[in-house]
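J.: predicted model and sequence below, questions to follow.
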Amino acid sequence: MKDKLAKVEDVIRKIEPGMSVMVGGFGLIGSPLTLIEALCHHEVSGLTIFSNNMGEKNKGLGNLLLQQKVKKIIGSYFTSNSDVVKLHNDNKINVQLLPQGTFAEAIRAGGAGIGGFYIKVGVDTEISNGIEKRIIDGETFLFQKALKADIALIKARKADRLGNLVYYKTAQNFNSDMATAAKIVIVEADEIVEVGEINPEEIVTPHLYIDYIVPSTISLRNYGGDSQ
Amino acid sequence: MNSKERIAKAAVSELLEGSVINLGIGIPTLIPRYLPNDAYYIHTENGLLGVAELDENSIDVERVNAGKLPVGESIGASYFGSSSSFAMIRGGHIDIAVLGALQIDQSGKIANWSIPGKSILGVGGAMDLLTGAKKIIVTTTHLANDGTSKFLKECSYPITSNRIVDVLITDKAIFRWKNNQYELSKIYSDVTIEEIVNHTEAYFAIPSNVEIIEVKENGE
């Protein structure tokens, strides 16, 4: 049987300059903090990051942002991290904003072999400027291309050595979608168990999506409390 | 009771028992404490159906609402990923969304995601909720911090959606969208209609049967 257990220092080298990287998490909740920390110590530049919030100021992906390794961010809400706002206002970083559900669905579509889709969210607002429109059953929809990445870094509550995953409460968020939408998917898990120890009916992400598993050594609980 | 608590309490009377309700950031998150029973199913877009009032003795930093604040978990709750959560929203499976707003105008549109020239860089889930929820309730203080009306003829900030808001609840009154305009539906007993007119830029209809919400001297 395959064993996908790997060392953090080995898997982080899969990330090369100019790559696109999806990173799970809603703020810091469900963020793969161990992998992000390793990425902060990895020599790389010109990354495109897909993240709902880009962590918090000076925390999680917020740390990576300060290292000038990121050229573009795609996500939905960055007001909570003033460093993103400042870099964007100074034209030092390219930011693409999507409604949160459109962002999530575009990742889901990317993992499901769908090229793009039409969606009503954002019609008649500033974000619809320049976007292809289509009338379906009398209503206007906007085109959204699917999103895919070279690498996904995600967080699970529990993984078996084959890569079957279970998530914890609202720490699931974007992780289960991102698990499907990248060429190489690396998961960090709070607990790693033998194959067969997770009830098959409780598995949320089946193993075929996962390439590497590393133990989570930094969790939100030992990271200095919550993100507020 | 401050004005935000007053608004949250008033909002409960607009929620049908048995409904699935999404609560936005800010005033809407105060609503659970005023719900009369557990037959209101609170959805939060970061992946939980079954938000309960927080028990301070069982805080879990990985069990949060859309404002990233810890919440409780009700019996019968479920967790899911982001694309599923927003499929519920866009797919019309959420009965009511209660949202905050920076501005609302007399054509029923709100602005709550961007202020030109300010350090705001995000849309979050507000556009999705306005598009997909069956009923939209907006809760906001009647006046901005500078004393000007938030209920305007036309939003000056970028609008969040072309969707018309069904009910507007402020700390002065409740307005309902009816016959293509807002109608004054309820006022608090310590507010006069004249005061509301004087503090509102938007046009709204005043019917003869405006309901009074009784408030005690301490504002409750």
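T.: That came through fine.

J.: next up, the contacts around residue 102.
T.: No chain in the question, so chain A it is. Neighbouring residues of residue A:102 by C-beta atoms under 8 Å, 6 or more residues apart in numbering or on different chains: A:119, A:121, A:122, A:144, B:86, B:128. Glycine gets a C-beta too; all of them are placed from N, C-alpha and C.

J.: my bad, chain B
T.: B:110, B:111, B:112, B:115, B:140, B:150, B:157.

J.: once you drop chain neighbours, what's closest to residue A:66?
T.: residue A:83 (6.5 Å; C-beta to C-beta, 6 or more residues apart in numbering or on different chains).

J.: which secondary structure element is home to that neighbour?
T.: Element membership for residue A:83, per DSSP states H and E: helix A:82-89.

J.: go on, residue A:184?
T.: Using DSSP H and E, residue A:184 falls in strand A:182-193.

J.: what's downstream of that strand, the next helix or strand?
T.: Going down the chain from strand A:182-193, the next helix or strand is strand A:212-215, by DSSP H and E.

J.: who are the packing partners of that following strand?
T.: Judged by 3 or more C-beta pairs under 8 Å, 6 or more residues apart in numbering or on different chains; DSSP states H and E, strand A:212-215 is in contact with helix A:8-11, helix A:33-40, strand A:182-193.

J.: 6 Å instead, please
T.: Where contact means 3 or more C-beta pairs under 6 Å, 6 or more residues apart in numbering or on different chains; DSSP states H and E, strand A:212-215 is packed against strand A:182-193.

J.: residues in chain B within reach of chain A, list them.
T.: Residues of chain B found near chain A (C-beta under 6 Å from any C-beta of the partner chain) are B:46-48, B:61-64, B:68, B:79, B:81-83, B:86, B:90, B:119-125, B:127-128, B:131, B:158-159, B:162.

J.: okay, now the residue nearest to residue A:66: neighbour count?
T.: Residue A:83: 18 surrounding residues under other C-beta atoms under 10 Å in any protein chain shown.

J.: how about the one 10 residues further on?
T.: With neighbours defined by other C-beta under 10 Å, the count for residue A:93 comes to 20.

J.: any idea how far residue A:158 is from residue A:69?
T.: 30 Å (C-beta to C-beta, to the nearest Å).

J.: quick one on the thing from earlier: give me the distance from the helix holding residue A:83 to the chain's centre.
T.: Centroid separation between helix A:82-89 and its chain, computed with C-alpha atoms, centre = their mean, to the nearest Å, is 20 Å.

J.: just the CA coordinates for that helix, please, in CSV.
T.: The C-alpha coordinates for helix A:82-89 follow below in CSV (Å, rounded to 0.1, in the frame of the first residue of the first chain):
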residue,chain,number,x,y,z
SER,A,82,-3.8,46.0,6.3
ASP,A,83,-0.5,44.8,4.7
VAL,A,84,-2.4,43.5,1.7
VAL,A,85,-4.3,46.7,1.4
LYS,A,86,-1.1,48.8,1.7
LEU,A,87,0.9,46.7,-0.9
HIS,A,88,-2.1,46.9,-3.2
ASN,A,89,-2.4,50.7,-2.9
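
J.: which SS state does whichever residue of chain A sits closest to chain B fall under?
T.: Residue nearest to chain B within chain A (C-beta to the nearest C-beta): residue A:101, separated by 2.8 Å. Following DSSP: H, G, I helix; E, B strand; the rest coil, residue A:101 is assigned to helix.

J.: got a list of what it touches?
T.: Residue A:101 makes contact with B:86, B:90, B:128 under the criterion C-beta atoms under 6 Å, 6 or more residues apart in numbering or on different chains.

J.: 8 Å instead, please
T.: The neighbourhood of residue A:101, defined by C-beta under 8 Å, 6+ apart, consists of A:121, B:45, B:82, B:83, B:85, B:86, B:87, B:89, B:90, B:125, B:128.
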